[in-house]
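# for reference, the sequence and a predicted model appear below.
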Amino acid sequence: MAGKDFTILCIASYEKGFDFMREAKNQGSRVILLTSKSLEHVAWPRECLDEVFFIPDINKEWKMDDVIYGVSFMARSLQIDRIVALDDFDVEKASALREHLRIPGMGDTTARYFRDKLAMRVRAADVGIAVPEFIHILNHQKVSDFAERVPFPYVVKPRLQAGAIGIKKVNNVDELWAVINSLGDQQSFYLLEQYIPGRIHHVDTIVANKEVLFALSHQYGLPPMEVAHQGRVFSSRTMLRGSTEESVLLNLNKKVLQAFGIVMGISHTEFIQGDDGKYYFLETSARVGGANISDLVEAASGVNLWREWAKMEVAGPAGNYKLHAVRHDYAGMIQSLAKQEFPDTGSYNDPEIVWRLNKSFHAGLIAASPSYERIEFLISDYTERFYRDFFISQPLPEKATN
């Protein structure tokens, strides 16, 4: 347990990480939250927060000078022991603060591997991990050469967004240059990648002292980009334990995290098994996966990634953090935008259901079972029913907003 003067500064530009904050307080820490002014009235777990500070923002955009000045002023009277980024968009903020204040944890160089999609691909390729063909959108002649050599379609990806936000698919040279030219001076903040059809998997991991202590693999029902851009029901379910596919993914995941240099924390990493049967690295992160994936992981394993992360931060790199016993069940999650403000999922009453999404204009469920086949059946059945009962789609924003 931490002493009463051990202070963790949590940075959250989105409404998440409640379990982290609660567990950090439970471990005896002083917990401070730095968040967006636009989130001032969110129902943060204030019972476990010693102080809350707000940064002025427009659509979650923070000025780093404001952040550094504000936290440095705070540090005049308060010893900050750990800085934790609770969302993907906060990883760079946290690393910059650690560098500036010389606080232990991931610094700027390593953070780039967990935020910058170009840096990820370059590093993965350098250590022999398969990645889709890609190129930085920088030198136009090199982009033209790429377009002559690599078959379409491609995806144009922002280097520093999260998930499927801002990704555009292009099918020919004319579409490619139309998109590139539309980016103007922002072109160098994008990369171009060959689109590979296939099945996308995610591996969610706990790393302590550079060792993988826990990793669990799941397969998305449909690629997240297709769900986001074309409007589909989102789902994911645990892969068959002990299968060849699971073994390949866990080994690849370990190789990625070792190459990228994470020392301690949580990671959400995605791979695709192409229609050619080959596995390719897509992207990774130094945070808990979004879209309620932490609840999915907990349903299958009993491991709450947020709480385990808090325990690790309190214990520190040289601490005595240990992971408790892990269950080896299966779980599946399904969720969708809903046409009803408060969708009624009461007709979904199978005993395997362990979680229901409570969010307006959204429907979601998680089912858990010792049986892989049972989860496969339920998620398949629920997907058909969700399209009929709840589903509606809306355009994905070009960038993250409130």
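Alright, I've got the coordinates. Residues are numbered from 1 along each chain as shown.
# now for the strand or helix carrying S95, which elements pack on it?
Per DSSP states H and E, S95 falls inside helix 91-101. Of the remaining helices and strands, those touching helix 91-101 by 3 or more CB pairs under 8 Å, 6 or more residues apart in numbering; DSSP states H and E are strand 7-12, helix 64-75, strand 82-85, helix 108-113. C-betas here are computed from N, CA, C, even on glycine.
# so what touches that helix?
Helix 91-101 has contacts (CB atoms under 8 Å, 6 or more residues apart in numbering) with 9, 11, 13, 62, 64, 67-68, 71-72, 75, 80, 83-85, 103-108, 110-111, 114-115, 160, 285-287.
# can we see that at 10 Å?
Under the contact criterion CB atoms under 10 Å, 6 or more residues apart in numbering, helix 91-101 has outside partners 9-11, 13, 34, 55, 62, 64, 67-68, 70-72, 75, 80, 82-87, 90, 103-112, 114-116, 160, 162, 285-287.
# and the spatially most central residue of the chain, backbone torsions?
Residue closest to the mean C-alpha point of the chain, counted by CA atoms, centre = their mean, is G289 at 3.4 Å. Recorded main-chain torsions at G289 are phi -60, psi 150, according to degrees, to the nearest 10.
# quick one on the thing from earlier: weed out the non-buried ones from the contacts of helix 91-101.
Taking 16 or more other CB atoms under 10 Å as the criterion, what is buried in these is 9-11, 13, 34, 55, 62, 67-68, 70-71, 75, 80, 82-87, 90, 103, 105-107, 110-112, 114-116, 160, 162, 285-287.
# and stretch 174-192, which residues are buried?
Neighbour-count burial for stretch 174-192 [16+ other CB under 10 Å]: 175-176, 179-180, 187, 189-192.
# just the ones in strands from the residues you listed, please.
Among the buried residues of stretch 174-192, the members falling in strands are 190-192 (criterion: DSSP state E).
# now, which of the residues you listed sits nearest V263?
Closest to V263 out of those is L191 (26.6 Å), distances taken as CB to CB.
# okay, now the unreliable bits of the stretch 101-250 of the chain?
Counting by pLDDT under 70, the stretch 101-250 of the chain contains low-confidence residues at 163-164, 229.
# wait, which of the ones in strands among the buried residues of stretch 174-192 is closest to A367?
Each of these was scored against A367 by CB to CB, and L191 proved nearest at 37.0 Å.
# contact partners for the residue nearest to that closest one when sequence neighbours are not counted?
With CB to CB, 6 or more residues apart in numbering as the measure, L118 is the residue that lies nearest to L191, at 4.8 Å, once sequence neighbours are left out. By CB under 10 Å, 6+ apart, the residues touching L118 are 112, 134-138, 157, 159-160, 188-191, 193.
# quick check: L118 is in a helix.
Yes - with the criterion set as DSSP: H, G, I helix; E, B strand; the rest coil, the secondary structure at L118 is a helix.
# before I go, just wanted to say thanks for your time.
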